[in-house]
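> test case, fold it:
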Amino acid sequence: MQEERKKKRVEPAQAMAKAQAWCAFQERCQQEARDKLYSWGLYPGEVEHLVTELISAGFIDEERYAKAFAGGKFRVKKWGRVKIRQELKRRKLGDYCIRKGLQEIDPEAYYETLKNLATEKSRKTAEKHPLKKKYKIMSYLLSRGFEADLVREVMGE
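Numbers count the residues shown, from 1 in each chain. Model prediction:
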């Protein structure tokens, strides 16, 4: 026996206060805000109005979001630029914001992280055959979102 829960519709004024608190807690992009507002049962016109209000009040800033997202995913999860770019595009950010976000990643730290991940994976891989081991490490690094030319360069070292 499953009970169906009816979502209560949040009124626009109440939704604005909730959205401001939600956006103040963590950086958000426009698409995340739209999805959240729709989940509260708001109509498209109301959602667009509230998103515009949040942008003008400074609660949503796509460039700031891209910088925080790219920097965080690189430092914490050790993602490469390719994966970060894909995720930002999935969140419907513009090319300008994506470029700005990726500029937050220090090229030297990026290369060092790539080398460290390769070394770590090499140490943990039990494969004995050198070509199979190299393939596994390269596949791992590519799946983390690092560029193929950089991966080949690191594997050559």
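
> quick one: the helices in this structure, in order.
Applying DSSP state H to the chain gives helices spanning 12-25, 30-39, 44-56, 62-77, 81-90, 95-102, 107-124, 130-143, 148-156.

> with mean pLDDT and mean neighbour count added, can I get those helices in TSV?
Glycine gets a C-beta too; all of them are placed from N, C-alpha and C. Output for these, formatted as TSV (pLDDT from 0 to 100; neighbours: other CB atoms under 10 Å):
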stretch	mean pLDDT	mean neighbour count
helix 12-25	93	15
helix 30-39	94	17
helix 44-56	95	15
helix 62-77	96	18
helix 81-90	97	17
helix 95-102	96	17
helix 107-124	96	14
helix 130-143	95	15
helix 148-156	94	13
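
> look up how far Gly72 lies from Leu93.
The gap separating Leu93 from Gly72 is 15 Å, by CB to CB, to the nearest Å.

> show me how this structure divides into domains.
Domain ranges of the chain: 12-56, 62-102, 107-156, per automatic domain parsing.

> tell me how far the ends of the second one are from each other?
The one in question is domain 62-102. With CA to CA, to the nearest Å as the measure, domain 62-102 spans 13 Å from end to end.

> that one: how far from the chain's middle?
5 Å (CA atoms, centre = their mean, to the nearest Å).

> how far away is the residue nearest to Gln86 when sequence neighbours are not counted from Tyr43?
Of all residues not flanking Gln86 in the chain, Gly145 sits nearest, at 7.4 Å (CB to CB, 6 or more residues apart in numbering). Separation of Gly145 from Tyr43 (CB to CB): 37 Å.
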